[in-house]
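Below are the sequence and a predicted model for it; my questions follow.
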Amino acid sequence: MSATAAVPLPRRRFSRDWIVAQLIRRAMLIVMLLVIAFFSYRSLRFSSLDNLQTILIAAAPFALIALGQTLVILTGGIDLSVGSIIAVSAMTGASIAKSNPGQVWMTVGAAMLVGLLAGAINGFLVSRVDVPPFIATLGMLTAGSGVAFVIGDGAPINGLPAEFGTIANTKVLGLQIPVLLMIIGIVGFGIAMRRTAYGMRIYAVGGNRTAAEIAGVNARRTLFSVYAVSGLLAGISGVMLSSRVSSGPPTLGQGYELDAIAAVVIGGASLMGGRGTVWGTALGLLLIQTLNNGLDILLVPAYWQNVIKGVLIVAAVAVDVWSVKRRT
Amino acid sequence: MSTTTEGPVLECHDLEKSFGGVPVLKGVSLSLELGTVTALAGENGAGKSTMMKIASGQYRADSGSVRVRGEELAAGDIRDAHRLGVAIVPQELASIAHMTVYENLFVGRELTTRIGTLDRRAMSRQAAEMLDVFGVDIDPGARMGTLPVGMQQIVEIVKNSSRGAKVLLLDEPSSAISEREVEGLYRVVRQLRDSGVAMVFTTHKMAEIRALADRVVVLRDGGLVLDRPMTEVSDDDIVSAMIGRELEDLFPPLHTVPRDAERVLQVEDVHVVGQPGGCSFEVRRGEILGLAGLVGAGRTELLEGVFGIRATTSGRIVVAGREVRRRSPAAAISAGMAMVPEDRKLSGAIMGLSVLDNGTLPRLAQFSVAGWLRQRARSQSVGKAMESVRLRSRGLGQEVGTLSGGNQQKVVLARWLTEHVDVLLLDEPTRGVDVGARSEIYRIIADLAEAGMAVVMASSDMTEVLGLSHRALVMREGGVVGELDRDDLDRPDVQELIFRLSSGLDPRPDERSAEPGQRAAEPDRQPEEGDA
């Protein structure tokens, strides 16, 4: 494990310190298992295969943007604009699908391109103009949500061709395309972050930009790329979402950026950059989605679900801070 | 200000502390009395700052206790330290740059009017009075950030003493301030001592110890090696206590460079942006070239310019006959240059990454095929490179941040050695490295040079330049003002010569008895006292 261990394991195995360190390190997994055990105990419906699929389908669009967010946060930045990019790409996809009914792939391609473009603008602003990431992507968040309404002339785009609606529901290898994309994304990025030069550059730039530059890393290019990737993934997520609802509501994706950031943070990444993993994000995301689903089944009101999520975010970070502090 | 309480005001008893398994303090005891100034001396990494941070409640000691006037300090509690009258003025000042001087002085205990609003006029007036006592001319309404660092530091000291601190800990008080400001600092310290405050300051500068301290305590590798009144020790005693051996043993014997050795690095009239002067020099294969000069002489800037981290406006840089594109570290690296920057934590290693990842980073291209890292190849090469410098770690997977200073520096050095290097640029190669590892790093540098690298080493540690260079350049204001060959470097008066060149002063007949302020202007001057 490179660049991930928040808590160094004491050398002596099975000592008290070792067990505590193990518990802290695996805290997320342990909480996850407890949550699953609790819901399974309370409801038979929860632990069915059908429900697993429901959870995964709900998780998929979040997973894609959370992956992009992970890369951005690892460089020490933040991408607030992914929710708006979802809206823009969904509206683009919907409007193209409506005017070119047969051209499904062109539709998907155009929506992805729009996402990539928006991400590239973020990347340019952050890496070349040195606008702080928070500001650059806040601008994109605001402007993007405006553009989404402009595309639809202030209204949702409805009456889309049937082919468009089937994209998200087509099954490949027994899995819906969004779920498949999520799995490919998590595994792919998970491996890439640890096994490719690109992944190492991201950790290096986030861990210490100056040092990375002295070692010959082109930090500007690395920064640019993470925002572009984040935008692209948001674009994919947008077209999948709009296909699933078979329409183009301009408010699609609103607030999703916060859920994505929450997943990354619960997954143990540091907002200062340089620390965190794709696996952590995946786990954080699944935890949020499992909670949403389980609480829905138990008929807990949505307001209370938000309260629980809020507590979870803060608790995850508090445990992390505390475990790091224990070292000094 | 009653100084009637006899006996120690602050007692540290048997303090131990380690970071990531590396012991930094190994059972140090220290007691301070009111109205005295104690110098806490030692090399970088000796444990001085850690000691101060424990005494001021910032760190929790692994074992041992701190007592203030007999009352035990709650470990790791800064507020408790404040309550007991212990305050620290850290190296990186804790002042708020955007606020005014008087706001800084009163932050946390603001004066208010009867209706509860801030009484700015009263604060400003009182601030002026407080500063007046020390005879410093600072406008209480000025923004803190606009003052020179030395002045900010004095404001910080005044702030702490005005809040009733009876024990003041100053961490490297003169490290960041100019020669002129040092006198002001000294005056404030003496005045506080006379008013009955107990002070400790960390330093590794001999001149400062002589000028200020009543007593000197020397730490080395986390242990206390000397604790004596100033009147009873000579400079030589202090220096050998700090480095723990005779100076000669610190450096490896230098090989000779053949006269016809290839000029592997040629720097022609390179101007670094922001520096008044330009530089030209050459380094031969196998040669170690020292760069001496005062802080701010432009040594770091020159190295960074040559390596392409910093913009240069003109000039040519040629490595092994081929001109290197300027302003591109990547081009410098592929031309065969390697750089070990001044500040490991700031720009050397990436502390959160493993030894393996840090070792891979400069040669990412060689260690990847179509973007995929070749795990076996990189583990092998990096492992070999780290072995060649005898890195002590728990394996390649260990986070660099958990290594000791000396071992971190070895990583920063050895990560270049996975490929052929022609030119090695070193900026303060042993800063923050403990004495044991220092001589090991010197050994490595000498070996690398002997194996055919051209080495350029900037250092403000005079002994380092004298002990490890075949040739040295003295820099001032971005330009070279003197060149000394090995014979010059062996002359007994060479330090005086370098000092005169680097400060641009007229030659002084009796430099040894110069004003302390002037002496302190020369960074890290301490160790040469021992070899004079």
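Sure, I can see it.

now the residue nearest to residue B:194 when sequence neighbours are not counted: how far from residue B:231?
Closest residue to residue B:194 apart from its sequence neighbours, by C-beta to C-beta, 6 or more residues apart in numbering or on different chains: residue B:35 at 7.3 Å. No exception for glycine: its C-beta is placed from N, CA and C like everyone else's. Separation of residue B:35 from residue B:231 (C-beta to C-beta, to the nearest Å): 16 Å.

These two - which one has more neighbours?
residue B:35 (18 against 7; other C-beta atoms under 10 Å in any protein chain shown).

does residue B:11 count as helix, strand or coil?
The three-state label given to residue B:11 by DSSP: H, G, I helix; E, B strand; the rest coil is strand.

I'd say it and residue B:31 touch.
Yes: between residue B:11 and residue B:31 there is a contact under C-beta atoms under 8 Å: 4.4 Å.

Looking at those two, which is more packed in?
Legend: neighbour count by other C-beta under 10 Å for residue B:11 and residue B:31, higher for residue B:11 (19 against 15).

Show me what that one is bridged to.
Beta bridges link residue B:11 to residue B:31, residue B:67 when assigned by DSSP bridges.

check contacts around it.
B:29, B:30, B:31, B:32, B:66, B:67, B:68 (C-beta atoms under 8 Å, 6 or more residues apart in numbering or on different chains).

Could you report the separation of it from chain A?
Plainly put, residue B:11 is 24 Å away from chain A if you go by C-beta to the nearest C-beta, to the nearest Å.

residue ranges for the helices of the stretch 151-300 of chain A, please.
Taking DSSP state H, counting those that start in this stretch to define them, one finds helices in the stretch 151-300 of chain A at A:162-166, A:177-195, A:197-207, A:209-214, A:219-245, A:256-266, A:278-297.

that older thread, and of the contacts of residue B:11, the nearest to chain A?
Relative to chain A, the closest of the contacts of residue B:11 is residue B:66; by C-beta to the nearest C-beta it sits at 16.9 Å.

What about residue A:303, how many residues nearby?
Residues lying near residue A:303 (other C-beta under 10 Å) number 7.

Surely it is in a strand?
No: Residue A:303 is assigned helix when assessed by three-state DSSP, not a strand.

Just the buried ones from the contacts of residue B:11?
Buried members of these, counted by 16 or more other C-beta atoms under 10 Å in any protein chain shown: B:30, B:32, B:66, B:67, B:68.

where does the chain have low pLDDT?
This is for chain A. For chain A, applying pLDDT under 70 flags the ranges A:1-13, A:324-328.

Switch to chain B, please.
B:1-6, B:20, B:44-45, B:176, B:178-179, B:245-248, B:434-436, B:505-532.

list the contacts for the nearest residue to residue A:132 once chain neighbours are set aside?
Of all residues not flanking residue A:132 in the chain, residue A:126 sits nearest, at 7.7 Å (C-beta to C-beta, 6+ apart). If you count contacts by C-beta under 8 Å, 6+ apart, residue A:126 has them with A:77, A:132, A:133, A:136, A:223, A:224, A:227.

Counting neighbours, what do you get for the fifth one?
Which is residue A:223. Using other C-beta under 10 Å, residue A:223 has 27 neighbouring residues.

do the last one as well
Summarising burial for residue A:227: neighbours were counted as other C-beta under 10 Å, giving 30.

I figured it was touching residue A:79, is that so?
Yes: Residue A:227 is within contact range of residue A:79, at 6.4 Å (criterion: C-beta under 8 Å).

Now do the shared contacts for these two.
Counting by C-beta under 8 Å, 6+ apart, the residues touching both residue A:227 and residue A:79 are A:72, A:119, A:122, A:133, A:137.

And what about the residue lying closest to the fourth one once chain neighbours are set aside, helix, strand or coil?
Looking back up the chat, that one is residue A:133. Distance criterion C-beta to C-beta, 6+ apart; nearest residue to residue A:133, sequence neighbours excluded, is residue A:77 at 3.5 Å. With three-state DSSP as the basis, residue A:77 sits in coil.

Just list the residues touching residue A:77, thanks.
When contacts are counted by C-beta under 8 Å, 6+ apart, residue A:77 touches A:126, A:133, A:223, A:226, A:227, A:273.

ditto for residue B:197
B:34, B:35, B:161, B:165, B:166, B:167, B:168.

Next: residue B:494.
B:466, B:484, B:488.

Was I right to think residue B:333 contacts residue B:365?
No: assessed by C-beta under 8 Å, residue B:333 is found out of contact with residue B:365, at 9.3 Å.

which of the two has more neighbours?
Ranked by neighbour count (other C-beta under 10 Å), residue B:333 and residue B:365 place residue B:333 first, with 23 against 12.

could you measure the residue nearest the centre of chain A against chain B, distance?
The structure's chain A has its C-alpha centroid closest to residue A:66; by C-alpha atoms, centre = their mean the separation is 0.8 Å. Separation of residue A:66 from chain B (C-beta to the nearest C-beta) stands at 21 Å.

wait, is that residue part of a strand?
No: using three-state DSSP, the assignment for residue A:66 is helix, not a strand.

Let me see the contact set for it.
By C-beta under 8 Å, 6+ apart, residue A:66 lies in contact with A:259, A:260, A:263, A:264, A:281, A:282, A:284, A:285.

Derive a PyMOL selection command for the buried subset of those.
Buried members of the contacts of residue A:66, defined by 16+ other C-beta under 10 Å, are picked up in PyMOL with:
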select buried, chain A and resi 259+260+263+264+281+282+284+285
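
And the furthest pair within the contacts of residue A:66?
Using C-beta to C-beta, the contacts of residue A:66 span at most 13.8 Å, a distance reached by A:259 and A:282.

I'd say residue B:99 and residue B:141 touch.
No: counting by C-beta under 8 Å, residue B:99 does not reach residue B:141; the two are 10.8 Å apart.

For chain B, what is the nearest residue in the stretch 51-200 of chain A?
Nearest residue of the stretch 51-200 of chain A to chain B: residue A:197, at 4.2 Å (C-beta to the nearest C-beta).

Give me the number of neighbouring residues for the residue nearest to that residue when sequence neighbours are not counted.
In space, and not counting its chain neighbours, residue A:197 is closest to residue B:368: 4.2 Å by C-beta to C-beta, 6+ apart. Using other C-beta under 10 Å, residue B:368 is surrounded by 19 other residues.

Could you pull up the contacting residues of the residue of the stretch 51-200 of chain A closest to chain B?
B:364, B:365, B:367, B:368, B:371, B:372, B:373.

same deal with residue A:151?
Residue A:151 makes contacts with A:88, A:91, A:92, A:95, A:157, A:248, A:250, as judged by C-beta under 8 Å, 6+ apart.

Which of those residues sits closest to residue B:126?
Distance to residue B:126 across these (C-beta to C-beta) is lowest for residue A:88, with 57.9 Å.
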